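Q: Please work out how this folds:
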Amino acid sequence: MIYAFIPARAGSTRLIDKNFLILKNKRLFEWSMNTANESKEVNKIIFSSDSNKYIEYANSINLNKDLIIDKRSSENSTKNTKIYDYLKGDFLKNNKYLNEKDFILMLLPTQPFRKTDDVKKIIELGRATKQNVFSSRQYDFHVSFAFETLEGNSFKPLFSDSPILTGNTRSQDQALYFHPDGSFYFLSIKSLMDKTSNSIYNNAIPYESTSEFFIDIDNKNDYEIAKEIAKFFKP
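A: Alright, predicted model coming up:
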């Protein structure tokens, strides 16, 4: 069984009620719910929130899959709560229907611009390799040029072989680096039961997202950019 897991707490401080904001006539978390609903691979949808308002709205969405409500306590919904720790802890404890043969496809509401084909491919990759999978994408500027600023308007390159130091600044000579993009996390319940794992990236492999659009909505500026992207984005 594959469960889509959509976490949507209500306590955002930098962008108030972030997960409930409207993005092209849909609530932000509704984008993730629609992705799960349209996936043939997903069997059921778990909506996880501490907000009765969010839960009431989630229940009103017309879905063709079973919706399971995971009501989180305030203790599990603070700004310091790591969603991976919650999944390994009270989530497993309180949802006894889960077994070690099941999988979770976590869809964070703050990255709404996903390609539906990626859902199928990331699940296929996880099942074929028997590993957890997280979505990723290439940095849009070469990380090899990274530096930190110091006092007195000076700076220190991040890498000892930085092109800033070597003079080899040709872009085609730079290594390619990637980062998690928060679009998808495909996790086995068995891995969540492993008490030795302390990170969502333990024993996981990356999958490169195919969507050309990426944004992690965290503040007002991100939200305004997302509204422009949403006008012409196609899943």
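Q: Let me know the secondary structure of the residue sitting furthest away from the middle of the chain.
A: For the chain, the largest distance from the centre (Cα atoms, centre = their mean) belongs to Gly152, which lies 38.3 Å off. Under DSSP: H, G, I helix; E, B strand; the rest coil, Gly152 falls in the helix class.
Q: State the mean pLDDT of the top helix by length along the chain.
A: Counting residues, the longest helix found in the chain (DSSP state H) is helix 116-129. Regarding helix 116-129, the rounded mean pLDDT is 95.
Q: so what's the residue positioned nearest the centre of the chain up against?
A: Compute the mean C-alpha point of the chain, and by Cα atoms, centre = their mean the closest residue is Gly182, 2.7 Å away. Shown in contact with Gly182 (Cβ atoms under 8 Å, 6 or more residues apart in numbering): 108, 110-111, 135, 216. All C-beta spots, glycine's among them, are computed from the backbone N, C-alpha and C.
Q: Helix or strand for it, just tell me which one.
A: strand 178-188 (DSSP states H and E).
Q: Sheet-wise, list the partners of that strand with their directions.
A: In the sheet, strand 178-188 lines up against strand 103-106 (antiparallel), strand 132-138 (antiparallel) (DSSP bridges).
Q: So which residues of this structure form helices?
A: So, for the chain - with DSSP H - the helices run 28-38, 52-60, 83-86, 92-94, 116-129, 163-166, 189-192, 220-230.
Q: got the buried residues for the second one?
A: The one in question is helix 52-60. Residues 54-55, 57-58 are the ones in helix 52-60 that count as buried (16 or more other Cβ atoms under 10 Å).
Q: how about the residues you listed, which pair is most distant?
A: Ile55 and Tyr57 (7.4 Å; Cβ to Cβ).
Q: which residues touch Gly11?
A: Counting by Cβ under 8 Å, 6+ apart, Gly11 touches 50, 77-79.
Q: so what's Lys88 up against?
A: Lys88 is in contact with 192-193, 197, counting by Cβ under 8 Å, 6+ apart.
Q: so how far is Ile55 from it?
A: Using Cβ to Cβ, to the nearest Å, one gets 23 Å for the distance from Lys88 to Ile55.
Q: Looks like Phe91 contacts Asp70 (just checking).
A: Yes: with contact defined as Cβ atoms under 8 Å, Phe91 counts as touching Asp70 (6.8 Å).
Q: Common neighbours of these two, please.
A: Contact criterion Cβ under 8 Å, 6+ apart; residues shared by Phe91 and Asp70: Ser48.
Q: What distance do you get for Ile217 to Asn203?
A: Counting by Cβ to Cβ, the gap from Ile217 to Asn203 is 29 Å.
Q: Thanks a lot, see you next time.
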